[in-house]
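**Student:** okay, here's the prediction I keep looking at, along with the sequence it came from:
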Amino acid sequence: FGAAVVAQFNWILYVCGAFLVFTGIKMFTATDEASDFDSNKVLMWLRGHFNITKNLHGHDFTVKLPDPKSGKIVTWLTPLAVALILVEFVDLIFAVDSVPAIFAVTLDPFIVYTSNIFAILGLRSLYFALAAAMNRFKYLQISLAIVLVLVGCKIFLVPLGIKVDTLLSLVITVGILASGVIYSLWRTRNDGTETP
């Protein structure tokens, strides 16, 4: 859909670039506060529109149980269904970031589609390894924010006909991410934290 819109309306690239720059600046200024899961907007919406059981019911996503108010048998979502909905919602949010970013590299719909599919599959399987190691990479978020801002700026150049070499972009991106990892390891070397 994103590739079709960009092919039809070239000015959408400016919106994509602005979104990535905004996201990068927001990441740069974000704090490491623990988020309250109960105040999650999607979870609050689900609780307001669906009956949700407190217990798992095997591998079922929905179960038929009596409504506490009317006594009628109604469909309830299980916590497993809620988890699935939240994971897929995160995939959508990931696509909102990654689809505009790929437009800085190519407008080919096949490459846009396949690269995002592989990214989602790869990130989901690497999540637990990355989550365990993030305490050592405290400055990686700053590196990612800088990369998002640079990619957003690169998208602004595409409609103007200015093409930044892909190899140069790759070298700069890898350099920024490697700098964040190396600086994080150097700054946390005496923290006594161990990476599992």
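**Tutor:** Nice, thanks for sending it over.
**Student:** what ranges do the strands span in this structure?
**Tutor:** Listed from the start of the chain, the chain has strands (DSSP state E) covering 62-66, 73-77.
**Student:** can I get these in TSV including mean neighbour count, mean pLDDT and distance to Met44?
**Tutor:** For glycine as for every other residue, the C-beta is placed from the backbone atoms N, C-alpha and C. Below are these laid out as TSV (neighbours: other Cβ atoms under 10 Å; pLDDT from 0 to 100; distance: least, Cβ to Cβ, whole Å):
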stretch	mean neighbour count	mean pLDDT	distance to Met44
strand 62-66	13	92	20
strand 73-77	15	92	14
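**Student:** redo those strands as TSV? Include distance to Phe19.
**Tutor:** Putting the strands of the chain into TSV (distance: least, Cβ to Cβ, whole Å) gives the following:
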stretch	distance to Phe19
strand 62-66	35
strand 73-77	32
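**Student:** the ones you listed: which one's closest to Cys16?
**Tutor:** strand 73-77 (34.1 Å; Cβ to Cβ).
**Student:** show me what that closest one is packed against.
**Tutor:** Counting contacts by 3 or more Cβ pairs under 8 Å, 6 or more residues apart in numbering; DSSP states H and E, the secondary-structure elements packed against strand 73-77 are strand 62-66.
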